[in-house]
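J.: okay, here's the prediction I keep looking at, along with the sequence it came from:
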Amino acid sequence: MPWFVYVLAFFSALGGFLFGYDTGVVSGAMLLLKKEMNLNALWQELLVSSTVGAAALSALAGGSLNGWLGRRVCILVASFIFSVGGITLSVAPDKVVLLVGRIIVGLGIGIASMTVPVYIAEVSPPQLRGQLVTINSLFITGGQFIASVVDGAFSYLRHNGWRYMLGLSIIPAVLQFIGFVFLPESPRWLLQKGRGQEARQVLTQIRGEQSVDEEYDTIRTSIEEEEKEAGGESLVIWRILSHGPTRRALVVGCGLQMFQQLSGINTVMYYSATILQMGGVRDDKQAIWLAAATSATNFAFTWVGVWLVERVGRRKLTLGSLLGTGLSLTLLAVGFLLSAQNSPPVTFHPADSQNSTCRLYGSCEHCMLDPDCGFCYRENGTSVYDSSCVPVNQGSTDHAAWGRCSNQTEAAGSPLWAYNYCPTSYSWIVLLGLILYLAFFAPGMGSMPWTVNSEIYPLWARSTGNACSAGVNWIFNVLVSLTFLHVAEFLTYYGAFFLYTGLVVLGLLFVLGCLPETQGLQLEDIENLFTGQLCSCGASSPSGNRHVHYIRHGSEFTPADYGAVESGGPIAYITVSTTGAKCTDTCSATVQQCYICLFLMFNLICLFLQLR
Ligand SMILES: O[C@H]1[C@H](O)[C@@H](O)[C@H](O)[C@@H](O)[C@H]1O
């Protein structure tokens, strides 16, 4: 395979790296920022979620930008925005400029997240496409990993450390910008815009020695057919919704992105430090480094996805991943449940706690679920004693508002402060669940939604389809990560993780019924997988869904006639048809499973509410 396609994949995947870096780096930067700029909870939330919110908006807008300006220009625009954002953040004199910088970076992330997979898919040969697009996911998790290491390294720099953390993203952004000044546009986009000559040149450049005539003709014919079929001047999104196969592809693409976020990946990523603290890691620095180990696990297992995607295919990889993710979430939930059931009681009621609500809680579990309270205790080996529930300091959650935990010292025998977690001896189950969760999630659900979305839409709908699905990903990202603490407050930690398990089960049914296998097919052939009913997609596979009819003078060939075809017998024509066979059976079974699942989830939630 010519090396040039790898160069293209590398430079475009730098967009994925920036996506991962900028979303990952903020947690460590926030630890320093909140002290240096005296940020209250609202400002901290604003600085974290403004980026994700801006990414959602720009991903949605990126669709028209992509169709209009092309993939290359969009990647150039995104890397320019990343550079401006990085510079703004690193020189920010106050929190308002910081907020502006975070919004600028978010705009870049949104455009990159929807353009890069499309560009890579369009320049890749079919047999390598899955692997090359999955490299983008590898760069996302790689960016998150490097961000956590940078966070760890600069956390020792009390003053201005955050400037380096946030500003370092300028390097890959500038590198990508310079690279794309010289790299070519997607040949498919060029052909769509009627720039056939340039498209042929680019294709020849990317494919090296190989002849490009066949590929060029396939793309051109399919664009001509698409134009006839999908024609009209109406809005692309409207054309997608009124054209059966693309509508189904959109449902599958958005559904996958939604379930990726609903399986709770970003609560696990953002709250890994809390989960690790439950595991007994109390030191801030140690927690930061262990959080780096969490993102390293996510990164390491994304490699497994890159390795497996062209071996087992997208469908099996996603199904296996969802199954493992569901089981690990159950383990996480059980770990939290056991910790809650064995939560240390409150044994000490300080005299000055009279008018605080914290004094009402009888155990650490209830105390830590209230964001205004924390648990102050002493420890003797594994047993907890002299424990109280007291208000947290509003300026920093590292201390109590008053009393023995308000002025912590490292001295032996001094009381310990736990905010957001409880000391427990079941934390190893939670840690094991966390590692297994990432090991199963990363290779499939972490990367396949991006990979599958880059290939399931016909060219005319590709930019808009990817914009919508990336937008859905970001919207659910905000929803899940912003609601986690409230969900945990209402359902407890174990309830929240049981809820994610239920959602993963729904995702499993969705993938089982709706995700076709796209491995090895030309981008132009994939639309055919969506011609049947939505729920029959799962029955399709590149070979399984194709029924070849050899027809001679109106009658079908028998296997005995096969030789006649090969020896040039009297064949009238051959049709290759894609079928949505067994739709009704699969469909009603899937619907039934969905109802049962919803019913079970409802029961589980009721049970937790009663348990509380
Ligand atoms: O595919 C990525 C990846 O799995 C990341 O770890 C996660 O933070 C993103 O939200 C997701 O889109």
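T.: Thanks, I have it. Numbering: from 1, shown residues only.

J.: secondary structure class for whatever residue of the chain ends up closest to the ligand?
T.: Closest contact between the chain and the ligand, by Cβ to the nearest ligand atom, is at residue 446 (3.4 Å). The way it works is simple: take the backbone N, C-alpha and C, and place the C-beta from them, glycine included. Under DSSP: H, G, I helix; E, B strand; the rest coil, residue 446 falls in the coil class.

J.: before we move on, what about residue 391?
T.: Assigned with three-state DSSP, residue 391 falls in the strand class.

J.: is it bridged to anything, and to what?
T.: Applying DSSP bridges to residue 391 yields these beta-bridge partners: residue 373.

J.: please report how far it lies from residue 343.
T.: According to Cβ to Cβ, to the nearest Å, residue 391 stands 19 Å off from residue 343.

J.: likewise residue 380?
T.: Counting by Cβ to Cβ, the gap from residue 380 to residue 343 is 17 Å.

J.: what about the two, which has more around it?
T.: Higher neighbour count among residue 380 and residue 343: residue 343, with 20 against 9, using other Cβ atoms under 10 Å.

J.: name the single longest helix found in the protein.
T.: For the chain, the longest helix by residue count, based on DSSP state H, is helix 459-514.

J.: for the very next helix or strand once past that one, list the C-alpha coordinates in CSV.
T.: Counting by DSSP states H and E, the element after helix 459-514 in chain order, helix or strand, is helix 523-526. This file holds the C-alpha atoms of helix 523-526, laid out as CSV (Å, rounded to 0.1, in the frame of the first residue of the first chain):
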residue,chain,number,x,y,z
LEU,A,523,-18.2,3.5,-0.1
GLU,A,524,-20.4,3.7,-3.1
ASP,A,525,-21.9,0.2,-2.4
ILE,A,526,-22.7,0.7,1.3
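
J.: that older thread, is the residue of the chain closest to the ligand in contact with residue 263, as I believe?
T.: No - between residue 446 and residue 263 there is no contact, the gap being 9.4 Å when judged by Cβ atoms under 8 Å.

J.: which strand or helix spans residue 425?
T.: Counting by DSSP H and E, residue 425 is part of no helix or strand.

J.: around it, how many other residues sit close by?
T.: 12.

J.: that one is in contact with residue 382, isn't it?
T.: Yes - counting by Cβ under 8 Å, residue 425 touches residue 382, with 5.6 Å between them.

J.: give me the below-cutoff pLDDT ranges for this protein.
T.: 1, 229-233, 273-275, 277-284, 352-354, 408-412, 533-612 (pLDDT under 70).

J.: quick one: contacts of stretch 176-193?
T.: 7-8, 11-12, 14-15, 18, 70-73, 75-76, 79-80, 82-83, 118-119, 122-123, 196, 198-200, 202-203, 205-206, 216, 219-220, 223, 459-460, 523 (Cβ atoms under 8 Å, 6 or more residues apart in numbering).

J.: before we move on, back to that, contacts only, for the residue of the chain closest to the ligand.
T.: Applying Cβ under 8 Å, 6+ apart, we find residue 446 in contact with 137, 141, 260, 265, 298, 301, 302, 305, 321.

J.: how near is the closest residue to residue 330 other than its chain neighbours to residue 321?
T.: Residue nearest to residue 330 in three dimensions, not counting chain neighbours: residue 501, with 5.3 Å by Cβ to Cβ, 6 or more residues apart in numbering. Computed as Cβ to Cβ, the residue 501 to residue 321 distance reads 14 Å.

J.: between the two, who's got more neighbours?
T.: residue 321 (29 against 22).

J.: what's the neighbour count on the closest residue to residue 66 other than its chain neighbours?
T.: Excluding the flanking residues, the one nearest residue 66 by Cβ to Cβ, 6+ apart is residue 463, at 3.7 Å. The tally of other residues near residue 463 (other Cβ under 10 Å) stands at 25.

J.: and what of residue 169?
T.: Neighbour count for residue 169, taken as other Cβ under 10 Å: 27.

J.: so it touches residue 21, yeah?
T.: Yes - with contact defined as Cβ under 8 Å, residue 169 reaches residue 21; the gap is 5.2 Å.

J.: residue 159: how many residues sit nearby?
T.: 8.

J.: now swap in residue 96 and tell me
T.: For residue 96, using other Cβ under 10 Å, the count is 10.

J.: distance check, residue 503 against residue 444.
T.: Distance of residue 503 to residue 444, computed by Cβ to Cβ: 16 Å.

J.: and those two? Which one has more around it.
T.: Taking neighbours as other Cβ under 10 Å, residue 503 and residue 444 compare with residue 444 leading, 29 against 21.

J.: what strand or helix carries the residue nearest to that one when sequence neighbours are not counted?
T.: Sequence neighbours aside, residue 321 is the residue nearest to residue 444 in space, at 2.3 Å (criterion: Cβ to Cβ, 6+ apart). Using DSSP H and E, residue 321 falls within helix 314-341.

J.: same deal with residue 211?
T.: Using DSSP H and E, no helix or strand contains residue 211.

J.: next one: residue 134
T.: helix 126-154.

J.: and what of residue 376?
T.: Residue 376 belongs to strand 373-380, assigned by DSSP H and E.

J.: what about the helices in the stretch 201-350 of the chain?
T.: Using DSSP state H, counting those that start in this stretch, the helices assigned to the stretch 201-350 of the chain run over residues 213-230, 236-242, 244-262, 265-270, 272-278, 284-312, 314-341.

J.: give the contact list for residue 285.
T.: Neighbouring residues of residue 285 by Cβ under 8 Å, 6+ apart: 152, 155, 156.

J.: for the second one, list the residues it contacts.
T.: Under the criterion of Cβ under 8 Å, 6+ apart, the contact partners of residue 155 comprise 28, 31, 32, 161, 284, 285, 288.

J.: wait, the residue nearest to residue 66 sits on residue 64?
T.: Yes - if you go by Cβ under 8 Å, residue 463 and residue 64 touch, sitting 7.4 Å apart.

J.: between those two, what contacts are shared?
T.: Joint contacts of residue 463 and residue 64 (Cβ under 8 Å, 6+ apart) are residue 236.

J.: just the buried ones from the contacts of residue 155?
T.: 28, 31, 32, 161, 288 (16 or more other Cβ atoms under 10 Å).

J.: neighbours of residue 480, just the number please.
T.: The local packing of residue 480 (other Cβ under 10 Å) involves 21 other residues.

J.: returning to what we had before: what does the strand holding residue 376 contact?
T.: So strand 373-380 is contacted by 344, 346, 356-358, 361, 364, 367-368, 384-392, 397, 400, 403-405, 413, 415-420, 422-423 (Cβ under 8 Å, 6+ apart).

J.: using PDB, write out every CA atom in it.
T.: What follows is strand 373-380 as a C-alpha-only set of coordinates in PDB (Å, rounded to 0.1, in the frame of the first residue of the first chain):
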ATOM      1  CA  CYS A 373     -21.300  18.000  52.700                       C
ATOM      2  CA  GLY A 374     -18.200  15.900  53.200                       C
ATOM      3  CA  PHE A 375     -17.100  13.200  55.500                       C
ATOM      4  CA  CYS A 376     -14.500  13.900  58.200                       C
ATOM      5  CA  TYR A 377     -13.000  10.800  60.000                       C
ATOM      6  CA  ARG A 378     -10.100   9.000  61.600                       C
ATOM      7  CA  GLU A 379      -8.800   5.700  60.600                       C
ATOM      8  CA  ASN A 380      -7.200   2.800  62.400                       C
END
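
J.: what about that strand, distance to the chain center?
T.: 36 Å (Cα atoms, centre = their mean, to the nearest Å).

J.: could you number the chain from 51 rather than 1 from now on?
T.: Right, with 51 as the first residue, what we last looked at is strand 423-430.

J.: for it, buried residues please.
T.: 423, 424, 425, 426, 427.
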